[in-house]
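Engineer: Mind looking at a prediction? Sequence and model below.
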Amino acid sequence: QVQLVESGGGLVQPGGSLRLSCAASGSIFSINAMGWYRQAPGKQRELVAAITSGRNTNYADSVKGRFTISRDNAKNTVYLQMNSLKPEDTAVYYCNAAVVVLGPYRTLELWGQGTLVTVSS
């Protein structure tokens, strides 16, 4: 069974930093695009940042200059470094990945379970 497991959420004060991690496990051949989404209470899920297998990145305007997405292909892991956090960054953050699996060979779009980030004094 292939799955994504997230870690790193928590409570942080405004202006603080957090680093989220998301590791894929199972019968993985390769991983294409990976990304982070978030959903605040009463709002739709939105893309925060994404990174391709070639490490091209894109960010939501609201996080540009504050968040950095990166990946370690050897560990099948994607990270989100979040700096200068604001109260409006409070949300559940979800990892997303397009994972190429074996047996049979196919691409699955997977989601993590979500990790809560709360920015508050």
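Structural biologist: Looks like it came in fine.

Engineer: and the residue nearest the centre of the chain, bridged to which residues?
Structural biologist: Compute the mean C-alpha point of the chain, and by CA atoms, centre = their mean the closest residue is W36, 3.0 Å away. Here W36 sits in beta bridges with A49, C95, going by DSSP bridges.

Engineer: burial measure for F29, as a count.
Structural biologist: 12 (other CB atoms under 10 Å). Using the backbone N, CA and C atoms, a C-beta is placed for each residue, glycine as well.

Engineer: before we move on, the earlier item: tell me the pLDDT at the residue nearest to the centre of the chain?
Structural biologist: For W36, the model assigns a pLDDT of 98.

Engineer: E109 is in contact with A98, isn't it?
Structural biologist: Yes - counting by CB atoms under 8 Å, E109 does reach A98; the two are 5.6 Å apart.

Engineer: Quick one: neighbours of the spatially closest residue to R66 that is not a sequence neighbour, just the number.
Structural biologist: Excluding its sequence neighbours, the residue lying closest to R66 (CB to CB, 6 or more residues apart in numbering) is S84, at 4.6 Å. By other CB under 10 Å, 13 other residues sit near S84.
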